[in-house]
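Q: no sequence for this one, just the structure:
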Ligand code: ADP
């Protein structure tokens with residue numbers, strides 16, 4: 001159990017060295033009980049600036065390596081993370097509150113991006129296009145975009161980093177990462193393993209600090225950074241976009257969601273209950289693809305709701321280090337107040353609490369189901385990010401589609417039906433980047449993850465994921481005859 005301590009690091013990592021310009025430290029708290037997990041040096045924008053210089057200096061030699069050479073180092077990093085899976089999972093649980101079983105799952109999931117893109121490093125194919133005159137030949141090559149700034153949230157302390165830096169490193173980019181101040185320890189543990197894997201100095205930089213806005217600003221405004229990849233709220237995504245205007249920086253943004261989970265009258269109800277539990281309550285609803293609104297056909301509303309409430313009653317909140325726990329604490333007090341606010345608002349507008357409805361203590365909110373939800377309630381428009389499941393009723397396919405699309409967001413959506421025609425028609429009508437049909441868990445390194453509308457732009461994972469980190473160059477050769 002104490003093995004994980006070997007992977008606890010308290011400093012940033014810049015230009016191949018553990019870096020601490022600042023003697024001031026900040027506490028990383030365990031959201032399950034507010035205990036102090038560790039203290040970390042609190043770096044600032046100046047440290048980010050040094051990391052940018054290091055990444056810029058390292059870019060040329062790293063980009064000149066063959067894809068195969070980069071792949072070998074990435075494969076080593078992958079193997080080291082998998083060898084240390086249990087320790088990383090423990091650190092993740094301690095700093096995020098994620099149940100240990102889910103943390104283990106995240107290590108597998110997050111590391112898989114490194115493995116996938118290590119392979120893709122060797123497959124960054126270009127194109128030969130038939131010439132438009134007899135004496136011309138046309139080639140298209142892909143080249144790494146340059147220094148990449150990655151800003152990541154606390155809800156996937158490992159995977160949100162690897163989803164960004166793996167395609168970047170594979171393509172030949174160098175990276176400056178600023179992880180969430182809530183979960184820097186997982187980030188620093190995998191940084192240590194990146195160092196062991198042998199990335200050349202300056203290729204991989206991790207800067208930890210609490211001053212998110214000035215650290216983000218310098219990444220956006222630096223002319224040495226070619227690209228920002230961000231996962232977090234739509235509000236911060238908009239700030240970063242505005243700050244990136246002066247340098248016309250390219251941005252990949254994975255922002256908020258408001259996932260509908262539509263259950264049609266012909267659906268397998270037990271499968272829908274299982275999918276809704278997994279899709280709603282994973283990490284207590286604190287992910288951007290978590291189910292936000294359950295839309296149920298009126299004919300099956302009662303039977304689905306009864307079964308769903310029963311399944312929710314079996315969920316176990318608690319400290320994620322204990323076996324059998326599947327409901328995590330909320331990340332902080334702000335999150336608690338927000339979730340409570342959604343429930344109070346729903347009650348005041350006629351929502352019925354079918355189970356839960358209140359905090360268990362200052363860290364945990366009871367898994368909650370709210371019946372008779374309506375479009376007037378705040379969670380119809382906003383992301384809940386907590387263990388609260390509102391159930392709406394609909395009577396026609398058209399009504400379901402309109403309800404589902406009535407949001408500024410467009411990340412994940414889910415539908416349950418056994419009707420083939422309906423599954424196609426609804427999937428095509430949903431204004432979302434991701435559709436899960438008869439499935440509540442949809443993330444994988446092999447598939448393109450990303451949203452439309454206010455959920456952002458860009459795709460992570462899959463053969464498409466590396467495209468965000470390359471520039472396309474057209475080369476025309478003339479006078480061949
Ligand atoms: P969440 O609700 O998931 O915490 P945020 O968008 O607030 O979403 O945070 C996501 C990441 O963005 C975190 O690492 C956070 O520290 C960082 N962040 C917050 N505000 C800013 C900002 N103004 N500029 C850059 N990064 C920021």
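A: It's in. In this text the structure is predicted, and so the values were computed from the model without any measurement. Residues are numbered from 1 along each chain as shown.
Q: So what's the residue count around whichever residue of the stretch 251-400 of the chain sits closest to the ligand?
A: Across the stretch 251-400 of the chain, no residue is closer to the ligand than residue 385, which sits at 7.0 Å (Cβ to the nearest ligand atom). Where C-beta positions appear, they are placed from N, C-alpha and C, glycine not excepted. Residue 385 has 24 neighbours, counted by other Cβ atoms under 10 Å.
Q: Same question for residue 382.
A: 18.
Q: what's near enough to touch it?
A: The contact partners of residue 382, by Cβ atoms under 8 Å, 6 or more residues apart in numbering, come to 258, 342.
Q: Quick one: the helices in the chain, in order.
A: With DSSP state H, the ranges of helices along the chain come out as 45-64, 67-83, 85-96, 100-120, 159-171, 184-197, 212-221, 234-243, 269-281, 301-313, 333-348, 397-405, 420-429.
Q: Could you tell me which other helices and strands the second one packs against?
A: Using 3 or more Cβ pairs under 8 Å, 6 or more residues apart in numbering; DSSP states H and E as the contact test, the elements touching helix 67-83 are helix 100-120, helix 159-171, helix 184-197.
Q: follow-up on the earlier one: ranking the helices of the chain by burial, who's on top?
A: Burial of these is given as mean neighbour count (mean count of other Cβ atoms under 10 Å); helix 159-171 ranks first at a mean of 29.
Q: so does that helix get close to the ligand?
A: No - Helix 159-171 stays clear of the ligand (Cβ under 6 Å from any ligand atom), getting no nearer than 9.1 Å.
Q: roughly how far out does that helix sit from the chain middle?
A: 12 Å (Cα atoms, centre = their mean, to the nearest Å).
Q: Get me the contact residues on the stretch 151-300 of the chain for the ligand.
A: Residues of the stretch 151-300 of the chain lying near the ligand (Cβ under 6 Å from any ligand atom): 151-153, 180-181, 212-213, 216, 232-233, 236, 239.
Q: quick revisit: would you reformat the helices and strands packed on helix 67-83 as CSV and include mean pLDDT?
A: CSV is the format used below for the helices and strands packed on helix 67-83 (pLDDT from 0 to 100):
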stretch, mean pLDDT
helix 100-120, 98
helix 159-171, 98
helix 184-197, 98
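Q: Please name whichever of the ones you listed is nearest to residue 139.
A: When the helices and strands packed on helix 67-83 are compared by Cβ to Cβ, helix 159-171 sits nearest residue 139, at 18.1 Å.
Q: now the closest one against helix 100-120, angle please.
A: Relative orientation of helix 159-171 versus helix 100-120 (axes from the mean of the first three to the mean of the last three Cα atoms, to 10 degrees): 10 degrees.
Q: Give me the domain ranges for this protein.
A: 2-255+455-474, 259-444 (automatic domain parsing).
Q: Distance check, the nearest residue to residue 158 once chain neighbours are set aside against residue 261.
A: Distance criterion Cβ to Cβ, 6 or more residues apart in numbering; nearest residue to residue 158, sequence neighbours excluded, is residue 110 at 3.9 Å. Using Cβ to Cβ, to the nearest Å, we find residue 110 at a distance of 25 Å from residue 261.
Q: same check, this time on residue 416
A: Where residue 261 is concerned, residue 416 sits at a distance of 8 Å (Cβ to Cβ).
Q: got it, and residue 227?
A: For residue 227 relative to residue 261 (Cβ to Cβ), the value is 33 Å.
Q: One more: residue 356?
A: The value you get for residue 356 to residue 261, if Cβ to Cβ is used, is 18 Å.
Q: who has more neighbours, the two?
A: The neighbour count for residue 356 versus residue 261, taken as other Cβ under 10 Å, is higher for residue 261 (27 against 22).
Q: Is that one in contact with residue 274, as I believe?
A: No - here residue 261 does not reach residue 274: they are 11.9 Å apart, not a contact under Cβ atoms under 8 Å.
Q: what's the overlap in contacts for these two?
A: Common neighbours of residue 261 and residue 274 (Cβ under 8 Å, 6+ apart) are residue 440.
Q: Please tell me how far residue 242 sits from residue 236.
A: For residue 242, the distance to residue 236 - Cβ to Cβ - is 11 Å.
Q: Next: residue 475.
A: On the measure of Cβ to Cβ, residue 475 and residue 236 end up 38 Å apart.
Q: Same question for residue 431.
A: Distance of residue 431 to residue 236, computed by Cβ to Cβ: 23 Å.
Q: How about residue 189?
A: 25 Å.
Q: go on, residue 193?
A: Counting by Cβ to Cβ, the gap from residue 193 to residue 236 is 28 Å.
Q: With residue 187 instead?
A: From residue 187 to residue 236 the distance is 18 Å (Cβ to Cβ).
Q: which residues touch residue 357?
A: Counted by Cβ under 8 Å, 6+ apart, residue 357 has contacts 343, 347, 366, 368, 370.
Q: Show me where the stretch 1-150 of the chain dips below the pLDDT cut-off.
A: 1 (pLDDT under 70).
Q: how about a cut-off of 90?
A: Applying pLDDT under 90 to the stretch 1-150 of the chain picks out residues 1-2, 20-23.
Q: Residue 139 bridge partners, please.
A: residue 128, residue 475 (DSSP bridges).
Q: Wait, it touches residue 125, no?
A: No - using Cβ under 8 Å, residue 139 is not in contact with residue 125; the gap is 11.4 Å.
Q: and those two? which has more neighbours close in?
A: residue 139 (13 against 9).
Q: ok, the residue nearest to residue 473 when sequence neighbours are not counted to residue 94 distance?
A: The shortest distance from residue 473 to any non-neighbouring residue, by Cβ to Cβ, 6+ apart, is to residue 141 (5.1 Å). When distance is defined by Cβ to Cβ, residue 141 is 45 Å away from residue 94.
Q: Let me know which of the helices and strands packed on helix 67-83 is the nearest to residue 295.
A: helix 100-120 (26.0 Å).
Q: Quick check: chain neighbours aside, which residue is closest to residue 146?
A: Spatial nearest neighbour of residue 146, excluding adjacent residues (Cβ to Cβ, 6+ apart): residue 226 at 3.2 Å.
Q: got the buried residues for stretch 26-35?
A: Residues of stretch 26-35 classed as buried: 28-32 (neighbour count, 16 or more other Cβ atoms under 10 Å).
Q: Show me which pair in the residues of the stretch 151-300 of the chain next to the ligand is furthest apart.
A: Greatest spatial distance among those (Cβ to Cβ): 181 and 239, at 16.4 Å.
Q: Next up, the contacts around the most centrally placed residue in the chain.
A: Centroid check for the chain by Cα atoms, centre = their mean gives residue 160 as the closest residue, at 4.7 Å. For residue 160, the contact set (Cβ under 8 Å, 6+ apart) comprises 152-153, 231.
Q: next one: residue 101
A: residue 326 are the contacts of residue 101 under Cβ under 8 Å, 6+ apart.
Q: try 7 Å
A: Listed by Cβ atoms under 7 Å, 6 or more residues apart in numbering, the contact set of residue 101 is empty.
Q: where's residue 164 relative to residue 403, distance?
A: 33 Å.
Q: same check, this time on residue 338
A: 23 Å.
Q: same check, this time on residue 284
A: According to Cβ to Cβ, residue 284 and residue 403 sit 25 Å apart.
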